[in-house]
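> show me the folded form of this:
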Amino acid sequence: MEKFTNLYNFIDFAQANRKYPANTANNLKSAVKIFEKELNAEELKSIAMVEESIAEIFRSLVIAHKDKSIVSLNTYKARLLKVIKDYKKYGAEPSKMQYWLPRPRQSFGGQGKTRKSTPLLIKNDKTDKEKIRLSNFITTPVDNLHKIEFALRDNAKSIIIVPRDITEKEVKIIKGILDSLIAE
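The predicted structure is shown next:
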């Protein structure tokens with residue numbers, strides 16, 4: 001028989017092996033702890049017995065914790081059942097833990113966002129992406145350019161960009177412009 005307190009060690013082991021993030025491990029331990037207080041001696045000796053009688057244990061938990069909301073207590077119950085499920089799958093035989101692929105965490109975009117709103121956001125994102133178009137698609141190779149920077153008086157800069165395929169006539173024009181700047 002697997003003792004109920006083995007769940008604490010399992011959570012620590014899973015956290016150390018990066019199967020549970022730290023905050024998830026702490027939340028799971030809280031759930032185990034709150035249910036542990038409601039168990040009798042026989043239930044403490046057997047995880048299977050706790051799982052079988054979870055409905056009765058949950059009723060006694062609700063009665064004992066009238067100050068907590070039913071939503072909160074249901075969350076604790078779900079966490080406990082998750083730990084038990086994971087324990088049965090990976091904790092009973094620790095060598096199986098290497099094959100455990102933790103589920104990636106999903107972000108719902110901050111406070112106030114619910115899972116119901118997520119598909120709507122994804123749909124809007126897709127339609128927005130379809131509307132976005134680049135002004136000029138790049139389908140040709142980039143032309144090589146020569147960029148020449150000159151530092152002038154009073155910290156002014158002058159930049160000359162010369163294309164790779166400049167003609168001899170264009171070179172003479174640019175040379176004439178530069179020669180006229182020297183004369184000034």
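> where does the prediction get shaky in the protein?
The model of the chain has pLDDT under 70 over residues 1, 105-143, 183-184.
> ok, which stretches of it are helices?
Ranges of helices in the chain, per DSSP state H, are 6-16, 22-36, 41-44, 47-52, 54-64, 70-86, 118-131, 168-183.
> distance of residue 78 from residue 34?
13 Å (C-beta to C-beta, to the nearest Å). For every residue, glycine as well, the C-beta is placed using N, CA and C.
> between the two, which one's more packed in?
residue 34 (19 against 11; other C-beta atoms under 10 Å).
> that one and residue 65 touch, don't they?
Yes: contact criterion C-beta atoms under 8 Å: residue 34 and residue 65 qualify, at 7.5 Å.
> next, the contact list for residue 19, please.
Counting by C-beta atoms under 8 Å, 6 or more residues apart in numbering, residue 19 makes contact with 86, 90, 97, 100, 102.
> redo that, cut-off 10 Å
Residues in contact with residue 19 (C-beta atoms under 10 Å, 6 or more residues apart in numbering) are 10, 11, 13, 25, 86, 90, 97, 100, 101, 102, 103.
> now the buried members of those.
10, 11, 13, 25, 86, 90, 97 (16 or more other C-beta atoms under 10 Å).
> just give me the neighbour total for the nearest residue to the first one once chain neighbours are set aside.
Think residue 10. Distance criterion C-beta to C-beta, 6 or more residues apart in numbering; nearest residue to residue 10, sequence neighbours excluded, is residue 91 at 4.0 Å. Per other C-beta under 10 Å, the neighbour tally for residue 91 reads 21.
> same thing with residue 26?
Counted with other C-beta under 10 Å, residue 26 comes out at 13.
> my guess is it meets residue 20, correct?
Yes: with contact defined as C-beta atoms under 10 Å, residue 26 reaches residue 20; the gap is 9.1 Å.
> so what sits against both of those two?
residue 11.
> returning to what we had before: got the buried ones among the contacts of residue 19 as CSV, with distance to residue 181 columns?
Formatted as CSV, the buried ones among the contacts of residue 19 follow (distance: C-beta to C-beta, whole Å):
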residue, distance to residue 181
10, 80
11, 76
13, 76
25, 72
86, 77
90, 77
97, 75
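> from the residues you listed, pick the one nearest residue 173.
residue 25 (73.3 Å; C-beta to C-beta).
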